[in-house]
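Chemist: Sharing a model that was predicted from the sequence below.
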Amino acid sequence: MSDVADRVLVLVSSIAGQRSVDVTAQWRALGMDSLDLLSLVITVEDEFGIAIPDPVAMTLHCAADVIALLTDRR
């Protein structure tokens, strides 16, 4: 797995309170709600030095989506 993917999975697992996270698991399956997603978006923005517009944030349904967003931006 890439450095970006590893970093995203650490952030998601921390916010979701899970030891490990399947990259394709939907937020709800991880026990995350809308406030957790907001926290994740803010944390990803801080960690990677980017801004994620609200319409884009609403399209993020799993860690794989976040990883794709970050790797497509590079």
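Modeler: Looks like it arrived, so ask away. Computed from a predicted model, the values in this text were never measured in an experiment.
Chemist: What ranges does this structure have for its strands?
Modeler: Remark: no strands are assigned in the chain by DSSP state E.
Chemist: residues contacting D6?
Modeler: For D6, no residue meets the contact criterion (Cβ atoms under 8 Å, 6 or more residues apart in numbering). Every residue, glycine included, has its C-beta placed from N, CA and C.
Chemist: Hmm, I typed the wrong one, I wanted G31.
Modeler: Neighbours of G31 in contact, by Cβ under 8 Å, 6+ apart: A16, G17, Q18.
Chemist: Could you find the closest non-adjacent residue to the last one?
Modeler: Spatial nearest neighbour of Q18, excluding adjacent residues (Cβ to Cβ, 6 or more residues apart in numbering): L30 at 5.9 Å.
Chemist: Equivalent analysis for the second one, please.
Modeler: Once its chain neighbours are removed from consideration, G17 has its nearest residue in G31; the separation is 7.0 Å (Cβ to Cβ, 6+ apart).
Chemist: how close does the one you found sit to I15?
Modeler: G31 sits 10 Å away from I15, going by Cβ to Cβ, to the nearest Å.
Chemist: quick one: V12 and T24 touch, right?
Modeler: No. V12 lies out of contact with T24 (Cβ atoms under 8 Å); the separation is 11.7 Å.
Chemist: okay, the two: which has more neighbours?
Modeler: The residue with more neighbours, out of V12 and T24, is V12; 26 against 11, by other Cβ atoms under 10 Å.
Chemist: what's near enough to touch the more buried one?
Modeler: Contacts here follow Cβ under 8 Å, 6+ apart; on that basis V12 touches Q18, V21, L30, L40, A63, V66.
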